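Novice: Quick one: sequence plus predicted model below, questions after.
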Amino acid sequence: MPPMQWTKIRLWILAMPALVALAAGCGRAPKRTRSGPPQRILSLAPSVTEMLFALGLEDRLVGVTDNCDFPPAARRIPSTGRYGSPNAQKLVALQPDLAIGVGLETAPSWEVLRKLDIPLLMIEQGNLQDIYDAFLKVGKAAGIETRAQKYVGAMQARIEAIAARFKDLPEARRPKVLIEVSSDPLCVAGPRSYLGDLVRKAGGRNAPVGVDLLFANVNPQVVVAWNPDIIVVGHMTPGTNAGEQVAGRIGWSHIAAVKQGRVINDIPRDPLLRPGPRVVEVLEAFAEKFHREAKR
Amino acid sequence: MKTGWRWFGLGLATVLVSVIAVFAGPVSLEHRGVLNLRLARILLANVAGAGLSVSGAIFQATLRNPLAEPYILGVASGGGLGAAIAILFGLGLLGAWTLPAAAFLGALLTMLLVYSLARVRGRIPIYTLLLSGVVVAALFNSMLVFLISFAPVEGLRSVTWWLLGNLSIFDRDLLAVVAIAILVGIGVTALFARDLNVLLLGEEPAAHLGLRVERLKRLFFALGSLMTGAAVAACGLIGFVGLIVPHIGRQIVGPDHRRLLPVAAMGGAMFLVAADTLAQLLLAPYELPVGVITAVLGGPFFIVLLRRQRRMHWI
């Protein structure tokens, strides 16, 4: 093929995205003029739904995910599909004027929102401070800043009241805690995650060493070396014997938590794994369970 | 006498790699329990590596295709689909055994499906077998992708991780079952090494030489699928071992399966133990999927070998 023709083809290839964008632009609905706070809010994650209910925004919530089951009233709100991969058409049909996500959704759903000019609020939920900030951010976007500030103030007060009980607990008396999020692959919560913060506040120490990620797939041998005093299992169905299952793992019978029977799996999984308003309940459960020995 | 020493050297090297792996872990052996975990993992790497490599050799010979590997007949896709269904639909019926059991069941059903699709008037011609294997693998792969795209984020982690291979093992019984299945598979294959050689000549010459070709093909197909299915159940999908190790073996000892099979078994074991040691060390305390290491190490190594010795002894 002569070079001239190649250049032409290349030009066409380069021009393609521009043409597509032009075509897409023609079909675009005219921009809505927004006045006042959003009235049709779309939640893209179970934790966001919980936050919106906690802030008293449930009347403005028009869409949730299949996995949004708390509070139970959330089930009555139309769903846009499974958490992580919402259905674009359902999403459009709800005509939201604000969508709130956590960054774990699939990229195509963001694309749909952008094309429809629906503002997308992305919140972070890494550590405890991020969760406070997320409440404030959602409150600001919904135009209920003061209510959100009050809510966060109350939440913080409850959390700090519990933390105050263990503030002066020396390192040596704090149990080393490991929070197991999944067993295949073995995934644990890192000290920098909100769960790591809750462990500290509940008078524990984070067992993982050298884990900078929020949640990390780690080598089971490393867990044996960390030798946690308490293992919180966050993935098993309540009622099954987590202690027995964890103790049955090769080599894990030497871990202090297993030897002393301190494998905890009666903390409900959803509050534990959803960084939302219910982290307070998780902290209460931690504070109660971590220091059972001391009480005896 | 000289060959005897060579075999001894190869065996010694295999043991040596494992011994090094015992001491080269992410944490010190002082902690009680670490040694048990590490030994279990090394044992799994040895048997899975040997099993994948030997079934690679079997498939390459029976299908007379140098590109054949343990996953070519859809066993892996079927296993993957089984595992994904178990994870995504939250079937926790068997506890720690759920995932391996679902993977093995998926592999087994796929094997039967491919087998029955390939059957033409009581025979299984190689071409229909290869074709139905590839088609079923493609079909199941797309179903797997479909399921993954529907997965909630949590489940997605498990499935994608599983697709990259992981030699972490918790369960003694699972380890024992997989090890026995693979060792028996290798043992039986070794008994039929001569028949593999004859099959390489082509089905017609083999039949003229008195081989019951159809029956043998069925046996080898079952053996390869059994070993692959067992490996898939315990450690997910680990690529490259079954493809390149038998080829490297042929470069070293030639195509005679009486020599090739033991070389492939020991080579596969060594390769996977070494790759898994790297997978554990590189990002410690995090786990790196071992399939990534086998691909990164195996691919370039294979290309170098191919270029250096252009004469391929695959047949």
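Specialist: Looks like it arrived, so ask away. Residues are numbered from 1 along each chain as shown, chains lettered A, B, ... in the order given.

Novice: Which residues of chain A lie near chain B?
Specialist: Counting by C-beta under 8 Å from any C-beta of the partner chain, the residues of chain A close to chain B are A:67, A:82-85, A:104, A:106, A:182-187, A:208-211, A:213, A:216-222, A:224-225, A:227, A:237, A:240, A:245, A:248-255, A:273. (C-beta placed from N, C-alpha, C; glycine too.)

Novice: which intervals of chain A have sub-threshold pLDDT?
Specialist: Residue ranges of chain A with pLDDT under 70: A:1-35, A:106-108, A:236-240, A:293-296.

Novice: residue ranges with poor pLDDT in chain B?
Specialist: Within chain B, the segments meeting pLDDT under 70 span B:1, B:90-96, B:150-156, B:309-315.

Novice: Longest helix in it, please.
Specialist: If you go by DSSP state H, chain B has its longest helix at helix B:34-62.

Novice: shouldn't B:Arg38 be in contact with A:Gln221?
Specialist: Yes. With contact defined as C-beta atoms under 8 Å, B:Arg38 reaches A:Gln221; the gap is 6.0 Å.

Novice: residues near A:Ala74, how many?
Specialist: By other C-beta atoms under 10 Å in any protein chain shown, 21 other residues sit near A:Ala74.

Novice: residues contacting the residue nearest to it when sequence neighbours are not counted?
Specialist: Nearest residue to A:Ala74, sequence neighbours excluded (C-beta to C-beta, 6 or more residues apart in numbering or on different chains): A:Cys68, at 4.6 Å. When the contact criterion is C-beta atoms under 8 Å, 6 or more residues apart in numbering or on different chains, the partners of A:Cys68 are A:43, A:45-46, A:49-50, A:74-75, A:77, A:79, A:83.

Novice: what helix or strand is B:Ile238 on?
Specialist: Here B:Ile238 is covered by no helix or strand, with elements defined by DSSP states H and E.

Novice: sorry, back to before: specify the local secondary structure of the residue nearest to A:Ala74.
Specialist: Three-state call for A:Cys68 (DSSP: H, G, I helix; E, B strand; the rest coil): coil.

Novice: quick one, strands of the chain?
Specialist: Went with chain A since none was named. A:41-43, A:61-63, A:98-101, A:120-122, A:176-183, A:186-189, A:205-206, A:215-217, A:230-233, A:263-264 (DSSP state E).

Novice: what's the most buried one of the ones you listed?
Specialist: Comparing the strands of chain A by mean neighbour count (mean count of other C-beta atoms under 10 Å in any protein chain shown), strand A:41-43 ranks first with a mean of 29.

Novice: Who are the packing partners of that strand?
Specialist: Applying 3 or more C-beta pairs under 8 Å, 6 or more residues apart in numbering or on different chains; DSSP states H and E, one finds that strand A:41-43 contacts helix A:46-54, strand A:61-63, strand A:98-101.

Novice: could you pull out the helices for the chain?
Specialist: I'll assume chain A. Going by DSSP H, chain A shows helices at A:3-27, A:46-54, A:88-93, A:107-115, A:128-142, A:145-166, A:194-201, A:220-226, A:242-247, A:256-259, A:269-273, A:279-290, A:292-295.

Novice: Chain B, not that one
Specialist: Under the criterion DSSP H, chain B contains helices at B:2-23, B:34-62, B:75-88, B:98-118, B:126-150, B:153-163, B:172-191, B:193-200, B:203-208, B:213-235, B:241-253, B:257-281, B:290-308.

Novice: If you count contacts, what does the longest one end up packed against?
Specialist: The contact analysis (3+ C-beta pairs under 8 Å, 6+ apart) places helix B:34-62 against helix A:220-226, helix B:2-23, helix B:172-191, helix B:193-200, helix B:213-235, helix B:241-253, helix B:257-281.

Novice: Pull out the buried positions in that helix.
Specialist: Of all the residues in helix B:34-62, those buried under the rule 16 or more other C-beta atoms under 10 Å in any protein chain shown are B:34-38, B:40-62.

Novice: And for the shortest one?
Specialist: Taking 16+ other C-beta under 10 Å as the neighbour-count basis, helix B:203-208 is seen to contain the buried residues B:203, B:206.

Novice: Can you name the residues of the stretch 201-315 of chain B sitting close to chain A?
Specialist: So far as C-beta under 8 Å from any C-beta goes, the stretch 201-315 of chain B lies against chain A at B:280, B:284-287.

Novice: Apply the buried test to those and list what passes.
Specialist: Among those, those classed as buried by 16+ other C-beta under 10 Å are B:280, B:284-287.

Novice: Just list the residues touching B:Ala45, thanks.
Specialist: B:Ala45 touches B:21, B:167, B:269, B:272-273, B:275-276, counting by C-beta under 8 Å, 6+ apart.
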